[in-house]
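Participant: Fold the following and give me the result.
(2 chains)
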Amino acid sequence: MTTLTVSPAAVDTSRLSGHVPLATSIRQTLLMAWRALVKMRRNPEQFFDVVVQPLLFTPMFAVIFGGAISGDVKAYLPLLVPGVLVQTALTTCMQTGVTLREDMEKGVFDRFRSLPMSRMAPLAGPALADTLRYAIATVLTIAVGLVMGYRPGGGVVGVIAGGLVIVVTSWSLAWIFTYLGTVMKSAQGLQGVSMMILFPLTFLSNAYVPVDTMPSWLKEFVKFNPVSHIVSAVRSLMNDGRVTGELGWGALGCAVIVIVFAALSVRSLRRAD
Amino acid sequence: MTKTSTSHELAVHATGLVKHFKDVRAVDGIDLDVTRGSIFGLLGPNGAGKTTVVRMLATLLSITDGHAEIFGLDVARQPHQVRQLIGVTGQYASVDEKLTARENLRLFARILGQSGGQAKATADDLLERFALEEAANRPLANFSGGMRRRLDLAASLISRPPLVFLDEPTTGLDPRTRGQMWDTIRELVEGGATILLTTQYLDEADQLADRIAVVDRGTKVAEGTSNELKAMVGDASLQLTLLDPDEADEAARIVDRVTGSVAQDTRAAHGTAHLTVPMANADDAGDVLVALRHADIGLAAISVAQPTLDEVFLALTGRPAEPQSGLDDAADEFHDELQMEASR
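Facilitator: The predicted structure follows:
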């Protein structure tokens, strides 16, 4: 058998590289995503929220708000389903941050940090694996809507396109919670802070109610809220099969979030004390 | 960055290391030089700052002040290069609890750039070396403390690093498992590695380390070989009890001739001849015994007493080397260790 270590006499420090090439970084991200998927399979509780939320929220909101807002439940569905989709996406990606925080508290994260690997991979891997959870939530929400009588005018293509927008949005917004995961001290604390971000973002948007009824100062915030743009874009795609400018604004918002919060997360992981 | 010629000989070269956590100076100006191919021990009680030093050197913690080099590379400025030369085994197993032992090793091997086939071979080889084959596919939840440590160490060796940090490698292990870990550590050094280990076990530092730095409250209170540290407290001594008290004077002359040191005659106290001979080197005992045999002086009892590192710690810090808390497992284990030490 060969020896387990290299003799220090053979150490040639001049040949060592100072950074991780992009291709290696992507490969390591995929490995970390694989790890997250294996863990999901071993701990199916992680699928609890993405299964229960669509089954619970869609009928609940439809019955509560349907009559008041659109006259009856069925007429409310085209407004509601995209809204629930976005809300479910947001709560699901909050869980991404919580899972990361719990992971970081375990010893294995020290291992990752001590390896000459991409600083991005331990963060981007789980985020990538979580797109599976977003996809499950999205499919279930749409399915519940269809069962309740939702007949999207955009057809199959529109619905699939809308679903993809939701998954990509979830992945983007998850970076906010990934960042919080790297800076918050505990998973509970993170959950608390995340709720305070989530509720304004979802309810101060056009997700559940038409904006016309809101006071004018609130309208300004709602218009600025990226969630509103995403909801509008998904509504157009699913209900009319139309690509609107809202999609562009939503995409821009998501891109900014990913760039800013991915950079912040990596920086925070680098200097973690 | 300037590299001195001495820094090339060193695996670790640190000067004035300081770490602040808010108001607490966890590490308060520590210098360390670890020669390539040696085992260096950081010895101290819980909370002395040993782990913090290792985490700074291993790029896991930022360095508040001071400078550290690993094989001549600046830890703060070239962390990615440094990580390619080190293996880190933490106080708590740095492996994924939800994966099996085999999956853990394969994942780390693949992260380090091995192909699927290579990673499989690496994992199989390490599982065999560390006697983990039977448990390889079981969830880690069922692993004993010793198995976890072995897996953790195996994971640290995937890249065959020339420098291995071991943070309290045997804390919480039973004596038999501890012995196995010591053998593994010695094998690593025979293979050419440099080891920096922390321990709160005096016995462990004594057994393994070529050089020992005694750390207390964030500062280094002493450094040297195990024998040098013991010499700070006092020399080893040879205790002789003679069969015939009347031969004491002649025996003392012989001791003086052989070792050059003056034997203390404690005959008056016991009515027998009892000589205490201070020695710089326990090896001299043999020469004394041979010389006494030639002079036909009979012995009733002999013993060589070495000061323990426990005494060293007491002498250096004014306190016994006991952990402050006394509540956690490590502390209990430590008491067991002291007990063993005392009964030997």
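Participant: Could you tell me which residues make contact with the residue most central in space within chain A?
Facilitator: Geometric centre of chain A, nearest residue: residue A:170, 2.8 Å, by CA atoms, centre = their mean. Taking CB atoms under 8 Å, 6 or more residues apart in numbering or on different chains as the criterion, residue A:170 is in contact with A:89, A:90, A:92, A:93, A:130, A:131, A:134. C-beta: built from backbone N, CA, C; applies to glycine.
Participant: burial of the second one, as a residue count?
Facilitator: Taking other CB atoms under 10 Å in any protein chain shown as the criterion, the count of residues near residue A:90 is 24.
Participant: The first one now?
Facilitator: Residues lying near residue A:89 (other CB under 10 Å) number 30.
Participant: List the buried residues of the helix or strand containing it.
Facilitator: For residue A:89, the host element (DSSP states H and E) is helix A:73-104. The neighbour-count check on helix A:73-104 (16 or more other CB atoms under 10 Å in any protein chain shown) flags A:73, A:76-101, A:103-104 as buried.
Participant: domains for chain B, by residue range?
Facilitator: Using automatic domain parsing, the domains assigned to chain B come out as B:6-85+B:161-231, B:235-305.
Participant: Packed most tightly, which of those domains would that be?
Facilitator: Stretch with highest mean neighbour count among the domains of chain B: domain B:6-85+B:161-231 (a mean of 20; mean count of other CB atoms under 10 Å in any protein chain shown).
Participant: Spell out which residues of the stretch 151-300 of chain B are next to chain A.
Facilitator: Listed as neighbours of chain A in the stretch 151-300 of chain B under the rule CB under 8 Å from any CB of the partner chain: B:155, B:157, B:159-164, B:187-188, B:191-194.
Participant: Mind checking which of these are in helices?
Facilitator: Mapping those onto helices (DSSP state H) picks out B:155, B:187, B:188.
Participant: and of these, the nearest to chain A?
Facilitator: Looking at those and their distance to chain A, the nearest is residue B:188, at 5.7 Å (CB to the nearest CB).
Participant: now the stretch 151-273 of chain A, which segments are flagged as low pLDDT?
Facilitator: The stretch 151-273 of chain A contains residues with pLDDT under 70 at A:272-273.
Participant: what about the helices in it?
Facilitator: A:155-183, A:187-203, A:216-224, A:226-235, A:245-270 (DSSP state H, counting those that start in this stretch).
Participant: among those helices, which is the most enclosed?
Facilitator: The highest average neighbour count among these, using mean count of other CB under 10 Å, belongs to helix A:226-235 at a mean of 26.
Participant: and it with helix A:216-224, angle?
Facilitator: 60 degrees (axes from the mean of the first three to the mean of the last three CA atoms, to 10 degrees).
Participant: Give me the contact list for helix A:226-235.
Facilitator: So helix A:226-235 is contacted by A:78-79, A:82-83, A:85-86, A:90, A:162, A:165-166, A:169, A:201-202, A:205-207, A:211, A:222, A:243-244, A:246-247, A:249-250, A:253-254, A:257 (CB under 8 Å, 6+ apart).
Participant: that older thread, let's have the residues of the stretch 151-300 of chain B next to chain A in JSON lines, adding distance to residue B:272 and pLDDT.
Facilitator: Formatted as JSON lines, these follow (distance: CB to CB, whole Å; pLDDT from 0 to 100):
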{"residue": "B:155", "distance to residue B:272": "59", "pLDDT": "93"}
{"residue": "B:157", "distance to residue B:272": "56", "pLDDT": "93"}
{"residue": "B:159", "distance to residue B:272": "62", "pLDDT": "90"}
{"residue": "B:160", "distance to residue B:272": "60", "pLDDT": "90"}
{"residue": "B:161", "distance to residue B:272": "58", "pLDDT": "93"}
{"residue": "B:162", "distance to residue B:272": "57", "pLDDT": "93"}
{"residue": "B:163", "distance to residue B:272": "55", "pLDDT": "95"}
{"residue": "B:164", "distance to residue B:272": "52", "pLDDT": "95"}
{"residue": "B:187", "distance to residue B:272": "48", "pLDDT": "90"}
{"residue": "B:188", "distance to residue B:272": "49", "pLDDT": "89"}
{"residue": "B:191", "distance to residue B:272": "52", "pLDDT": "87"}
{"residue": "B:192", "distance to residue B:272": "53", "pLDDT": "87"}
{"residue": "B:193", "distance to residue B:272": "52", "pLDDT": "91"}
{"residue": "B:194", "distance to residue B:272": "51", "pLDDT": "94"}
